[in-house]
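[1] Would you be able to build a 3D model of this:
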Amino acid sequence: MRKFTIVIIMMFFLISCTNKEFIISIEQPKNRQLDDLKVEINLDRKKVKEIYLKSTNVVPTHETIKVFINEEGIHHLEIKLIDTTFSYSIIYPGEKYIILSPYFKKNGKISIGILKQQEKFTFH
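    Just a heads-up that it's a prediction; the model follows:
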């Protein structure tokens, strides 16, 4: 019975080590013109999530998504906003935590800023 328990514990440990994931946070905008816009997130040509932006006046909030992957290496992240597609390459495990921030450029076009890093972001 003791060996069986040890085997079960080791199996759960090995399964937890094989879960590879990206953490993607989408910053909700302050600009009212971006309210209720649909954002579609695709990773390696597969649809991950579809959200709607909700503007806020107080403090920017973030909607966080966990995306599980199978292998390490370069992955292709696409963000579709209105009729524009933004493409980024992401290297796992070097860029596990990602923040996406939609905003207007000076010329009036919508753009998405991206921050990528290996450790969790700390917000102050």
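[2] So residue 68, which state does it fall into?
    For residue 68, the secondary structure call by DSSP: H, G, I helix; E, B strand; the rest coil comes out as strand.
[3] do you know how far it is from residue 8?
    23 Å (C-beta to C-beta, to the nearest Å). All C-beta atoms are positioned from the backbone trio N, CA, C, and that covers glycine.
[4] cool, residue 48 as well?
    Distance of residue 48 to residue 8, computed by C-beta to C-beta: 32 Å.
[5] Ok, residue 108 next?
    Distance from residue 108 to residue 8, by C-beta to C-beta: 59 Å.
[6] what about the residue lying closest to residue 62 once chain neighbours are set aside, which helix or strand?
    Spatial nearest neighbour of residue 62, excluding adjacent residues (C-beta to C-beta, 6 or more residues apart in numbering): residue 25 at 4.2 Å. Using DSSP states H and E, residue 25 maps to strand 20-27.
[7] one step back: between residue 48 and residue 8, which one's more packed in?
    Between residue 48 and residue 8, counting by other C-beta atoms under 10 Å, residue 48 is the more crowded of the two (17 against 10).
[8] Counting neighbours, what do you get for the residue nearest to that one when sequence neighbours are not counted?
    Using C-beta to C-beta, 6+ apart and skipping the chain neighbours, the partner closest in space to residue 48 is residue 41 (4.7 Å). Applying other C-beta under 10 Å, we find 19 residues neighbouring residue 41.
[9] again, but for residue 64
    For residue 64, the neighbour count with other C-beta under 10 Å is 10.
[10] again, but for residue 57
    Residues near residue 57, counting by other C-beta under 10 Å: 6.
[11] pretty sure it belongs to a strand, no?
    No. Going by three-state DSSP, the assignment for residue 57 is coil, not a strand.
[12] Sweet, I'm off.
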